[in-house]
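Asks: The sequence and its predicted three-dimensional model are supplied below.
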Amino acid sequence: MLEIRLFRFDPKIDVLSYFKPYIFERENFASVSELLGEIKAGDPYFSYEGVSFVKINGVVASVEEPFGGILARFGRILYIAPLSQKEARKDLECGFESFYSKFQSFSAIANSDTFEFYKELAPYFYSSNLRKFSEVFLGNSAFVFANFLLENFPQKRGEILDFIRPQLVYFTPCNALNLDYDCDLIYDRLCELCGIDPARVDKIYSAQSLAEIDANTAPHRYTGFKIAVWGDEGARDLVRRFGGDIVRFERENEALRAEIYGAEKECALRVAGEILFDAFDSGADFLLVNSKSAFGFIDGKSGEICALMGRELIDFYLLSTDEFIALSKGEKPKTLASHKLKVVLV
């Protein structure tokens, strides 16, 4: 059985948007578009005319995306929304005003002739939630557009690189499926041209290393613990093998770059705060993190985060994956003493 929660909003009759439920016995849709077409056939007031991309469970996807892959990725409960709920005009139809307004920032290095290409980049712009916390960040679309300008206007190379260099600190991988342009490769190229070392996720354990850890030999398990995991499927699998209960939360895959703190302090703290308090509100006992920089930033700046968010964390803390594994062996890592959010394990 397929359960769909579809974003609905009609400005003529609705004060607030909502997600309307639909249940389907069959799941063999060829694409997202075919699913939406069937909904439209039974609900003529639903509108998605001209829509090429949507968000499915928060991830940008083409409406032509094969539906089998969608089910494999997200399961049988799907939330389908426009690229921007704030800019929704009618159901899945979207205005993209915030995206279009950013084109003005390129006025010194681009002209109206390049706007047609720019308009194609809306999925990249809305693929990162970071832009909600920053007035400076132009969206991941800016990197694709800068790459386009470099290829088509090589005589402006110096101006383009000077323009895009301050944006590179904001780069986070696109939260999207199968887009035409590889933002990671474009980011690497721009970093190389600007003489900057590209930032990489500094995982404590690789996915392969986590998979090789034998939970059966550990004397202590995490049975009875509700555990939220940030941004790492390998770490989630580790928790399952150690008997912990995985608690899912909306911001669990939210990208976080500690380097942003130096460029735009409040932006970095708000992103970390969204992750931390979403995990806290999920009912988890603690948050497990498999990244040295993310762990150090969230825990180390927890006081600043709480002050900015106007909230407190009670009986909640973070563990890194190496601490998690050590505790399962009956060891007490020395790093626990340096935590800002003090660890309490029963």
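Replies: Received it, and whenever you're ready, just let me know what you need.
Asks: Three-state assignment for the residue most central in space within the chain, please.
Replies: What sits nearest the mean C-alpha location of the chain, by C-alpha atoms, centre = their mean, is E254, with 3.7 Å. Secondary structure state of E254, per DSSP: H, G, I helix; E, B strand; the rest coil, is coil.
Asks: what sits against it?
Replies: Going by C-beta atoms under 8 Å, 6 or more residues apart in numbering, E254 touches N129, W230, G231, V271, E274, I275. From N, CA and C alone the C-beta is placed, and that goes for glycine too.
Asks: now the first one, nearest residue through space, not along the chain?
Replies: With C-beta to C-beta, 6 or more residues apart in numbering as the measure, E254 is the residue that lies nearest to N129, at 6.3 Å, once sequence neighbours are left out.
Asks: do the same with the second one
Replies: Across the structure, with C-beta to C-beta, 6+ apart as the measure, the residue nearest W230 apart from its sequence neighbours is V289 (5.1 Å).
Asks: Test my guess that the one you found contacts L319.
Replies: Yes. If you go by C-beta atoms under 8 Å, V289 and L319 touch, sitting 7.4 Å apart.
Asks: Compare the two (neighbour count), which wins?
Replies: V289 (29 against 25; other C-beta atoms under 10 Å).
Asks: quick one: the more buried one from D91, how far?
Replies: 37 Å (C-beta to C-beta, to the nearest Å).
Asks: Listing request: residues of the stretch 151-300 of the chain with sub-threshold pLDDT.
Replies: 201 (pLDDT under 70).
Asks: where along it do the strands fall?
Replies: Here the stretch 151-300 of the chain has its strands, by DSSP state E, counting those that start in this stretch, at 226-230, 245-246, 286-289.
Asks: Output these in CSV, with distance to T217 appended to each entry.
Replies: CSV is the format used below for the strands of the stretch 151-300 of the chain (distance: least, C-beta to C-beta, whole Å):
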stretch, distance to T217
strand 226-230, 20
strand 245-246, 21
strand 286-289, 20
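Asks: quick one, which of these is packed in tightest?
Replies: For the strands of the stretch 151-300 of the chain, the largest average neighbour count (mean count of other C-beta atoms under 10 Å) is found in strand 286-289, namely a mean of 26.
Asks: Note down every partner strand of it and its orientation.
Replies: Pairing partners of strand 286-289, with direction, according to DSSP bridges: strand 226-230 (parallel), strand 317-320 (parallel).
Asks: Check which helices and strands the next helix or strand after the shortest one sits against.
Replies: In other words, strand 317-320. Under the assignment DSSP states H and E, the closest C-terminal helix or strand after strand 317-320 is helix 321-328. Judged by 3 or more C-beta pairs under 8 Å, 6 or more residues apart in numbering; DSSP states H and E, the packing partners of helix 321-328 are helix 233-241, strand 286-289.
Asks: so can I have JSON lines of those showing distance to Y22?
Replies: Listed next are the helices and strands packed on helix 321-328 as JSON lines, based on distance: least, C-beta to C-beta, whole Å:
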{"stretch": "helix 233-241", "distance to Y22": "28"}
{"stretch": "strand 286-289", "distance to Y22": "33"}
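Asks: what's the closest of these to I325?
Replies: Distance to I325, taken as C-beta to C-beta, is lowest for helix 233-241 among the helices and strands packed on helix 321-328, at 7.9 Å.
Asks: got the angle for the closest one vs helix 321-328?
Replies: Following axes from the mean of the first three to the mean of the last three C-alpha atoms, to 10 degrees, one obtains 10 degrees for the angle between helix 233-241 and helix 321-328.
Asks: Contacts for helix 233-241, please.
Replies: For helix 233-241, contacts defined as C-beta under 8 Å, 6+ apart pick out 205-207, 210-211, 213, 215, 222, 227, 229, 246, 288-290, 321, 324-325.
Asks: Could you check that helix and say which residues are buried?
Replies: Residues G234, A235, R236, D237, L238, V239, R241 are the ones in helix 233-241 that count as buried (16 or more other C-beta atoms under 10 Å).
Asks: and those residues as CSV, adding distance to K40?
Replies: Listed next are the buried residues of helix 233-241 as CSV, based on distance: C-beta to C-beta, whole Å:
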residue, distance to K40
G234, 40
A235, 40
R236, 36
D237, 39
L238, 43
V239, 41
R241, 44
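Asks: and of those, the nearest to F9?
Replies: R236 (33.1 Å).
Asks: Can you tell me which of the contacts of E254 are buried?
Replies: Counted by 16+ other C-beta under 10 Å, those give W230, G231, V271, E274, I275 as buried.
Asks: so which of those comes closest to Y48?
Replies: Taking C-beta to C-beta as the measure, Y48 sits nearest to E274 out of the buried ones among the contacts of E254, at 28.6 Å.
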